[in-house]
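Visitor: Using only what follows, build the 3D model:
(chains A and B)
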Amino acid sequence: MPSFSHFLEILVDTKDVFLKAMLLTLELTVVSILIGIVIGLFFALMKISKFKVLELISDIYVFLVRGTPLIVQIFILYFGLSGIFLLPDFWAASLALALHNGAYISEILRGTIQGVDKGQMEAGRSLGMTKVLTLRRIILPQAFRRALPPLGNQFIIGLKDSSLAAFISMNELFNVATTLGSNNFDEMTYLLIVAIYYLVLVALLTFLVNRFEKRLAISDR
Amino acid sequence: MEAREMIKVNQLNKSFGDLHVLKNIDMTVFESDVVCLIGSSGSGKSTLLRCLNFLERKDSGSIIIGGKEVDPKNDNLNNIREKVGMVFQHFNLFPHKTVLENIIEAPVMVKGIDKKEATSKAKQLLVKVGLEDKADVYPNKLSGGQKQRVAIARALAMEPDIMLFDEPTSALDPELVGEVLTTMQELAQEGMTMVVVTHEMGFAKEVADWIVYMHDGEIIERGTPDQFFNNPKEERTKEFLKTTMLK
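Guide: Coordinates of the predicted model:
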């Protein structure tokens, strides 16, 4: 059993490698959440549209994503898409994570869009605004505002899920930890170190989400 | 001079499922008329009002706005709604926008009016409803009466020919009703054509040119306030007046 001082020594020694890996983890997470929001909005609008076909497509998408493990989705996209056209590893991983997050985000947004009072749409329409214009200017800003706390939560989940990108050789946090661990025949130390990195990131994000939530609570009617 | 017909409704019918809420409604509103629709809840008066700007679709009959029959399937309803302002029971202000932004939203986005011009007009409207100091405030900082006056200003910003009011004071604390009714009365005196669904008999008596009494989806009686309140013809009207006037 390595001593605590030994542990700290390794923690400090590896900080450059891990910070670089953390950056990649954050990049993967931010990119996949941003694309996920676009995908999620798209499918949320399909789900609440009047057209049954679009609703069905949205349902199937959510069903497929929720019904299969993320690692399977990542592998399918990685091996499947790279057979069709050349996709850089980073984008294969980001896209897989985005499609995954998109399904959950679409459910979040569907809920908050439908949660906006019906009177808002009526008020917009009664002023001569089209449905699309009212949606864009009146409904979606309110829906996104309410979606911020659950989106923040999804961001935290997405951050941890991004560790699965290690399996398609992304040198993000988890991959660096396991690689260093096996190279030094000391898996446990590096796993504990990477756990600290994740904990700090999540703690920071949680703090930000909570602050957001409080600020929203104040400006809410 | 013959007054212009602003709204003409012929044989309007509307059902929600099995519930026949509007039965063969005929109604004409002339320019600068103030018509108060009264009746107990569930009588169809709000539905009738909502049909007039097509928030509800009629099942049959015709609705003529400004001399032109409106076909909800083929006509651009947005153009009609620009001309028919609506004030809701629950205000429906946009909570993420300031008072000023609420008012200029439609003029800027729908009519394409220059933002500066829209702003200066919005400020005039705020003076008119007595809220010139609230331009940069968010709706959650306003009282119910103030919210409703902003909602009136917002509707007026589109320069409508007709204003519809759907129980504009029903969600207000009693002490705030007066300020909204005063604003509406001033609007009526300026010659605005108004259709008002209300339970405020005092307002109806004083401001309305015509009272329309509805019951169970039908128009039972219509007349001037004097005829209606002092000489009602129909039995059901007398019943209604007896119960409401006691309160």
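Visitor: Could you list the buried residues of the least confident helix or strand in chain B by mean pLDDT?
Guide: Lowest by mean pLDDT, DSSP states H and E among the helices and strands of chain B is helix B:235-246, with a mean of 85. For helix B:235-246, the neighbour count (16 or more other C-beta atoms under 10 Å in any protein chain shown) marks B:237, B:240-241 as buried. C-beta coordinates here come from the backbone N, C-alpha and C atoms, glycine included.
Visitor: Show me what that helix is packed against.
Guide: Packing partners of helix B:235-246 (3 or more C-beta pairs under 8 Å, 6 or more residues apart in numbering or on different chains; DSSP states H and E): strand B:210-215, strand B:218-223.
Visitor: so how far is the first one from its chain's centroid?
Guide: Here the centre of strand B:210-215 is set off from its chain's centre by 14 Å, with C-alpha atoms, centre = their mean, to the nearest Å.
Visitor: relative to strand B:218-223, how tilted is that strand?
Guide: Using axes from the mean of the first three to the mean of the last three C-alpha atoms, to 10 degrees, the direction of strand B:210-215 lies 150 degrees away from that of strand B:218-223.
Visitor: Counting by contacts, list what strand B:210-215 packs against.
Guide: The contact analysis (3+ C-beta pairs under 8 Å, 6+ apart) places strand B:210-215 against strand B:34-38, strand B:218-223, helix B:225-230, helix B:235-246.
Visitor: same check, this time on the last one
Guide: Other elements packing on strand B:218-223 under the criterion 3+ C-beta pairs under 8 Å, 6+ apart are strand B:19-30, strand B:210-215, helix B:235-246.
Visitor: Present those as JSON lines; the columns should include distance to residue B:180.
Guide: Shown next, in JSON lines, are those (distance: least, C-beta to C-beta, whole Å):
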{"stretch": "strand B:19-30", "distance to residue B:180": "21"}
{"stretch": "strand B:210-215", "distance to residue B:180": "19"}
{"stretch": "helix B:235-246", "distance to residue B:180": "20"}
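Visitor: Of the ones you listed, which is nearest residue A:118?
Guide: strand B:19-30 (18.2 Å; C-beta to C-beta).
Visitor: in the closest one, what counts as buried?
Guide: Buried residues in strand B:19-30 (16+ other C-beta under 10 Å): B:21-23, B:25, B:27, B:29-30.
Visitor: Which of these sits closest to residue A:41?
Guide: Checking the buried residues of strand B:19-30 one by one against residue A:41 (C-beta to C-beta), the nearest turns out to be residue B:21, at 36.3 Å.
Visitor: can you tell me which residues contact the nearest residue to that closest one once chain neighbours are set aside?
Guide: Counting by C-beta to C-beta, 6 or more residues apart in numbering or on different chains, residue B:21 lies nearest to residue B:44, which is 4.6 Å off, once chain neighbours are set aside. Contacts for residue B:44 (C-beta atoms under 8 Å, 6 or more residues apart in numbering or on different chains) come out as B:14, B:21-23, B:214, B:216-218.
Visitor: Likewise for residue A:91?
Guide: Counting by C-beta under 8 Å, 6+ apart, residue A:91 touches no other residue.
Visitor: quick one: it is in a helix?
Guide: Yes: read with DSSP: H, G, I helix; E, B strand; the rest coil, residue A:91 is one of the residues of a helix.
Visitor: Burial check on residue B:10, number of neighbours?
Guide: 15 (other C-beta atoms under 10 Å in any protein chain shown).
Visitor: what are the bridge partners for it, then?
Guide: residue B:62 (DSSP bridges).
Visitor: ok, now the one 10 residues further on?
Guide: Per DSSP bridges, residues listed as beta-bridge partners of residue B:20: residue B:15.
Visitor: Show the model's pLDDT score for it.
Guide: Note for residue B:20: predicted pLDDT of 93.
Visitor: surely it meets residue B:59?
Guide: No: applying C-beta atoms under 8 Å, one finds residue B:20 not in contact with residue B:59, separated by 9.2 Å.
Visitor: Quick check: neighbours shared by these two?
Guide: Common neighbours of residue B:20 and residue B:59 (criterion: C-beta under 8 Å, 6+ apart): B:13-14.
Visitor: Skipping its backbone neighbours, what lies nearest residue 148 in space?
Guide: Since no chain was named, I'll use chain A. residue A:212 (5.4 Å).
Visitor: wrong one, I was asking about chain B
Guide: In space, and not counting its chain neighbours, residue B:148 is closest to residue B:180: 4.8 Å by C-beta to C-beta, 6+ apart.
Visitor: Mind telling me what element that neighbour is part of?
Guide: helix B:174-189 (DSSP states H and E).
Visitor: Buried by neighbour count: which residues of that helix qualify?
Guide: In helix B:174-189, counting by 16+ other C-beta under 10 Å, buried: B:176-177, B:179-181, B:183-184, B:187-188.
Visitor: Contacts made by it with the rest, please.
Guide: Helix B:174-189 has contacts (C-beta under 8 Å, 6+ apart) with B:34, B:128-130, B:143-146, B:148-149, B:152, B:156, B:163, B:165, B:168-169, B:172, B:194, B:196, B:200, B:203, B:206-207.
Visitor: Report pLDDT for the closest residue to residue A:150 other than its chain neighbours.
Guide: Once flanking residues are discounted, residue A:150 sits nearest to residue A:108: 4.7 Å by C-beta to C-beta, 6+ apart. What the model reports for residue A:108 is a pLDDT of 97.
Visitor: show me what contacts residue A:108?
Guide: By C-beta under 8 Å, 6+ apart, the contact set of residue A:108 is A:40, A:147, A:150-151, A:154.
Visitor: Need those in a markdown table (columns: pLDDT and distance to residue B:87).
Guide: Putting the contacts of residue A:108 into a markdown table (pLDDT from 0 to 100; distance: C-beta to C-beta, whole Å) gives the following:
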| residue | pLDDT | distance to residue B:87 |
| --- | --- | --- |
| A:40 | 97 | 36 |
| A:147 | 93 | 30 |
| A:150 | 92 | 34 |
| A:151 | 93 | 35 |
| A:154 | 94 | 39 |
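Visitor: and which of those residues is nearest chain B?
Guide: The closest of those to chain B turns out to be residue A:147 (C-beta to the nearest C-beta; 13.1 Å).
Visitor: Can you list the neighbours in contact with the element among helices and strands of chain A having the smallest mean pLDDT?
Guide: Every helix and strand in chain A was compared by mean pLDDT, DSSP H and E; the lowest is helix A:70-84, with a mean of 84. Residues outside helix A:70-84 that contact it (C-beta under 8 Å, 6+ apart): A:65, A:87, A:89, A:92-93, A:95-97, A:99-100, A:161, A:164-165, A:167-168.
Visitor: secondary structure element for residue A:141?
Guide: Using DSSP H and E, residue A:141 falls within helix A:140-161.
Visitor: now residue A:200
Guide: Assigned by DSSP H and E, residue A:200 belongs to helix A:187-219.
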